[in-house]
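1. Mind looking at a prediction? Sequence and model below.
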Amino acid sequence: MLTLRKAPTFTTGATIFNFIKTLTTATNFIQGTGGTTTTTARGLPNDDYFATIHHISNIVRRDIYLERTLNKMRISNIVNSELVYRVLRSCCSCGIESFRFFNWARTHHPNYDPTTLEFEELLRILAKTRHWETMWKVAQNMKTQNFPISPSVVSFIIEQYAKHGLIDQAVDLFNGLKNFDCPQTTEVYNSLLFALCEVKNFQGAYALIRRMIRKGSVPDKKTYSVLVNAWCSAGKMREAQEFLEEMSKKGYKPPVRGRDLLIDGLLNAGYLESAKGLVRKMSKGGYVPDVSTFNCLAEALSKSGETDFCIDLFNDVCGLGFCPDTDTYKIMITVTSKIGRVEEGFKILHKSIEDGHKPFPSLYAPILKALCRRGQFDDAFSFFADMKVKGHPPNRPVYTMLIRMCVRGGRCVEAGNYLMEMTELNLSPMSQSFDMVCDGLKNCGKHDLAKRMEQLEISLRGI
C-alpha cells in the first residue's frame, strides 16, 4: 500500500540546484492535491515539479553546456513524456537548444520513451526558428519509428515556409505528404492556400481550390477567409465578391454569409471605413452580421476610438435580432465603461443576465472600475456584493483592482477589508497590495489597522 511521504525541508540558503537534487530522491508516486506536503504522481509536489521545469528550461535556454549541467541534476526519476513536453513548450523560441535537450532526454534516460506529442512539438519549434534541416531529420526519425505526422503540424510547417517566402518548399511538402502517411485534409489545403496568397499567386490559389473540390475535400470558413482576406489586402474587393458569387453558383456556399467574410477581410487589411460602410448597408437592409464578425468589428472600432459608433451599431443590430455571445458582452461592457457611460454598461450587463449568462469577473470588473473612477464607491461596493451572489466569484485581478482604486480614492479601510477577504478565500494578495493599503492606513491615522495588515502579510509569507 502506498504511503504519504512528508516533503523534505530545506534551509533558506539552499540553492535551487541542491533543492531539485534532493527532491528527486522521492520514490513514492501517489496522486495528491499539489500542496507543499503532498507528493503527486510525478514524484514531486506540484510547486516543486513546476519549479524544476522552470529551472531546466532556463538551463536549456541559457547554458552553453546544457547536457553537462543537466547530468549533474540527477533528475532521471522524473524525466518522462510530460516533463519533456513542458520543457519544449517553455523553450519554443530556442530551436537547436530544444533539439539538444530532446536528444539528451532520449539518450541518457532509457526509461523515457518519446511520444508523438514531443516529436510534433519539436517539429513546430524547429520550423518556427527556421532550422529546416534539423526539422527534416526529426521528421525522418519519426518516419523510421512509424510515428505519423498530424495534419495540424504539417499545416503549421507550410505556413512557416510561407511566412519566410519559401513557397517552393511549401508546395514540395504538400505534394510529398503520402511519404509520411499524412492525408491532405481541408486544414492542409488551407495552409497551402495561405502560402499561395502570401506571394499573391491568386491563379495558383484558384487552381488549388478546384483541385480541393475535385479530390472531395469540402471548403470551410477558413478556405473562404484566406482568399477573401488576400483579395482585400491587395485592394481588390470586387474580385473577392466575384469569387464568393462563383463558389455560390457552384453549390459551395460558405458557412457564413459572403458579406461577413468581406467585412472580416476588410478589417484584417486595415480598411476600417470600408468595413463600417458595408455594415451600415447591411443594417439598413435589415441584415445582421455574424457574431464573430461583429466582435472583430467592435474590437477594431474600440481600438480606433470610435466608441460612439460602436455602441450605436450594437443597439441597431440588437433591434434587428442580433444574438450576442459572451465575447460580445465583454467587448461592449468594456467599451461603455471606458468612456464613462456606466448606465449603458449596466443595461448591457442586465441584457446578458436575461439571456442566461452568469456574469464572470472580466464582465463586471470594467463597470466596477468605472464606478470607482467616478467616485461612486458606495455604488461600487453594493454592485460588487451583488455580483458575488449573482455572478461567478471574483478572482485575484478583480480584488487587486478594487483595492488599488479604493486606496486611490481614500477608502483605505474598505481596501483593508477586501484584503482580508482575499486571504479568507485563499487568494494570495500581491505584496504591492499590502504596501498600498498599509501606507494608506498610516496616512489616514489608522496605525493599529496598518499594523494588523503587516502582521497578516508576515503570516502569509511565512517570514
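-> Structure's in. What do you need?

2. contacting residues around stretch 350-358?
-> C318, C323, P324, T326, Y329, P359, L363, K390, G391, H392 (C-beta atoms under 8 Å, 6 or more residues apart in numbering). Using the backbone N, CA and C atoms, a C-beta is placed for each residue, glycine as well.

3. Repeat the analysis, applying 7 Å as the threshold.
-> Stretch 350-358 is touched from outside by T326, Y329, P359, G391, H392, with contacts defined as C-beta atoms under 7 Å, 6 or more residues apart in numbering.

4. Buried ones among these?
-> Judged by neighbour count, with 16 or more other C-beta atoms under 10 Å as the criterion, the buried members of the contacts of stretch 350-358 are Y329, P359, G391.

5. wait, the first one sits on F360?
-> No: at 9.9 Å, Y329 and F360 do not qualify as touching, with contact defined as C-beta atoms under 7 Å.

6. Quick check: closest non-adjacent residue to the most centrally placed residue in the chain.
-> Centroid-nearest residue in the chain: R89, 13.6 Å away (criterion: C-alpha atoms, centre = their mean). Taking C-beta to C-beta, 6 or more residues apart in numbering as the measure, R89 lies nearest to E121, with 6.5 Å between them; neighbours along the chain are not counted.

7. Report how many residues lie close to the one you found.
-> Residues lying near E121 (other C-beta atoms under 10 Å) number 20.

8. Just the element for K369, please.
-> Following DSSP states H and E, one finds K369 within helix 361-373.

9. Which positions within that helix qualify as buried?
-> By neighbour count with 16+ other C-beta under 10 Å, helix 361-373 contains the buried residues P361, L363, Y364, A365, P366, I367, L368, K369, A370, L371, C372, R373.

10. what do you get for stretch 112-130?
-> Buried positions in stretch 112-130, judged by neighbour count with 16+ other C-beta under 10 Å: 112, 114, 118-129.

11. So which of the buried residues of helix 361-373 is the closest to H54?
-> Proximity of the buried residues of helix 361-373 to H54 was ranked by C-beta to C-beta; the top entry is P361 with 27.0 Å.

12. Please report how far the closest one lies from G176.
-> Look at P361 and G176: by C-beta to C-beta, to the nearest Å, they are 49 Å apart.

13. likewise K163?
-> 20 Å.

14. And T186, by the same measure?
-> Distance from T186 to G176, counting by C-beta to C-beta: 19 Å.

15. More neighbours: which of the two?
-> Neighbour count, other C-beta under 10 Å: between T186 and G176, T186 has more, with 17 against 10.

16. how about the nearest residue to the more buried one, chain neighbours excluded?
-> Across the structure, with C-beta to C-beta, 6+ apart as the measure, the residue nearest T186 apart from its sequence neighbours is S217 (5.0 Å).

17. which SSE is that neighbour in?
-> Taking DSSP H and E as the definition, S217 sits outside all helices and strands.

18. same question, T69
-> Secondary-structure assignment from DSSP H and E places T69 in helix 66-73.

19. Next secondary structure after the lowest-mean-pLDDT helix or strand in the chain?
-> For the chain, the helix or strand with the lowest mean confidence is helix 16-23, at a mean of 36 (criterion: mean pLDDT, DSSP states H and E). Next along the chain after helix 16-23, taking DSSP H and E as the criterion, comes helix 46-62.

20. Could you export that next one as CSV, CA atoms only?
-> What follows is the C-alpha trace of helix 46-62 in CSV, where atoms were taken according to Å, rounded to 0.1, in the frame of the first residue of the first chain:
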residue,chain,number,x,y,z
ASN,A,46,3.3,20.3,-7.8
ASP,A,47,5.1,23.5,-6.8
ASP,A,48,8.4,21.8,-6.7
TYR,A,49,7.7,19.9,-10.0
PHE,A,50,7.0,23.2,-11.9
ALA,A,51,9.9,24.9,-10.2
THR,A,52,12.1,22.0,-11.6
ILE,A,53,10.6,22.5,-15.1
HIS,A,54,11.3,26.3,-14.9
HIS,A,55,14.9,25.6,-13.8
ILE,A,56,15.5,23.1,-16.6
SER,A,57,14.0,25.5,-19.1
ASN,A,58,16.4,28.2,-18.0
ILE,A,59,19.3,25.8,-18.4
VAL,A,60,18.2,24.8,-21.9
ARG,A,61,17.8,28.4,-23.0
ARG,A,62,21.0,29.9,-21.5
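
21. Columns distance to G445 and pLDDT on top of the buried ones among the contacts of stretch 350-358, output as TSV?
-> What follows is the buried ones among the contacts of stretch 350-358, written out as TSV (distance: C-beta to C-beta, whole Å; pLDDT from 0 to 100):
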residue	distance to G445	pLDDT
Y329	43	90
P359	37	88
G391	35	86
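
22. Pick the one among those residues closest to R74.
-> Comparing the buried ones among the contacts of stretch 350-358 against R74 with C-beta to C-beta picks out G391 as the nearest, at 48.5 Å.

23. distance of that closest one from T336?
-> As for G391, its distance to T336 is 18 Å (criterion: C-beta to C-beta).

24. So S362 sits against K330, correct?
-> Yes: applying C-beta under 7 Å as the test, S362 and K330 come out as touching, 6.1 Å apart.

25. contacting residues for P359?
-> The contact partners of P359, by C-beta under 7 Å, 6+ apart, come to L349, S352, I353, M387, K390, G391, H392.
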